[in-house]
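Trainee: compute the structure for the input listed below.
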Amino acid sequence: MNLGKRMVAEFFGTFWLVLGGCGSAVLAAAFPQLGIGFAGVALAFGLTLLTMCYAIGHVSGCHINPAVTCGLAAGGRFPAKEVVPYIVAQVVGGIVAGLVLYVIASGKPGFDAVASGFASNGYGDHSPGGYSMGASALCELVMTGFFIFIIMGATHRSAPVGFAGIAIGLALTLIHLISIPVTNTSVNPARSTGVALFQGGWALQQLWFFWVMPIIGGIVGGLVYRYLWSDRPAQPDIRGDRA
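Mentor: Numbers count the residues shown, from 1 in each chain. The predicted structure is shown next:
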């Protein structure tokens, strides 16, 4: 598949992830009577990724996350020359999803993206549980590192065929169950950017953090998995084959 078509797939995949995951937080979790809570939001993120793994995994690899793209490149599964185009497509998809979500949410009288937080990620005073910057940094680093580790393991040629999307979707669900109270869970700079632009205040001021930490974590996770399999021949990426 040519790069242009893969970028379009990454755009739509990231759009769906942000709309589905953040949409559940902004539109559904805001109503206690619906009862979805943190667990429902975590499941929504996992389901969006699981569905996209099977929808576009055979097209673009379903990275839909700059940290995943960087981690797979570090792990020898993705060509470095295509990292930037993938990230551009992902960020644009996240921003467009944020816009669509903002327009939908604004249809309710009294909605305020700034006051509500608009599902943005934060640390310190803007952490859902009041966690410090250091604790939030460690959380994002570890969660993203393990996410990449799981992705590389689930898509390895020795793993059972056809089940990678389930493992990866469940991994993202688990990550959210652990870390929503800490940072509202990023592990994905495109997801953070897509909503921070519309929150417009503290979320933009802290956005750098949710680029730096997930990408570092992703690279470390990719390098660790690559080291474990350093005696095996590496494949260039995860598109199509089971590397």
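
Trainee: excluding its backbone neighbours, what's nearest the most centrally placed residue in the chain?
Mentor: With distances taken as C-alpha atoms, centre = their mean, the chain has N188 as the residue nearest its mean C-alpha position (3.6 Å). Ranked by C-beta to C-beta, 6 or more residues apart in numbering and with sequence neighbours excluded, the top spatial neighbour of N188 is N65, at 4.3 Å. C-beta here means a position set from N, CA and C on the backbone, and glycine is covered the same way.

Trainee: where's that neighbour relative to D112, distance?
Mentor: 28 Å (C-beta to C-beta, to the nearest Å).

Trainee: of these two, who's got more company?
Mentor: The neighbour comparison of N65 against D112 (other C-beta atoms under 10 Å) goes to N65, with 33 against 11.

Trainee: and the more buried one, what's its pLDDT?
Mentor: What the model reports as pLDDT for N65 is 98.

Trainee: ok, it - contacts?
Mentor: 14, 17, 90, 187-191, 214 (C-beta atoms under 8 Å, 6 or more residues apart in numbering).

Trainee: what distance do you get for it to A89?
Mentor: N65 sits 11 Å away from A89, going by C-beta to C-beta.

Trainee: report the contact partners of the residue nearest to the centre of the chain.
Mentor: 17, 64-68, 214.

Trainee: mind picking out the helix or strand in this protein with the poorest mean pLDDT?
Mentor: One helix or strand of the chain scores below all others by mean pLDDT, DSSP states H and E: helix 113-116, with a mean of 92.

Trainee: list the contacts of it.
Mentor: Counting by C-beta under 8 Å, 6+ apart, residues outside helix 113-116 touching it are 26, 30, 102, 105-106, 198-201.

Trainee: among the residues you listed, which are located in strands?
Mentor: Within the contacts of helix 113-116, no residue falls in strands by DSSP state E.

Trainee: with respect to L170, which of the residues you listed is nearest?
Mentor: V26 (23.3 Å; C-beta to C-beta).
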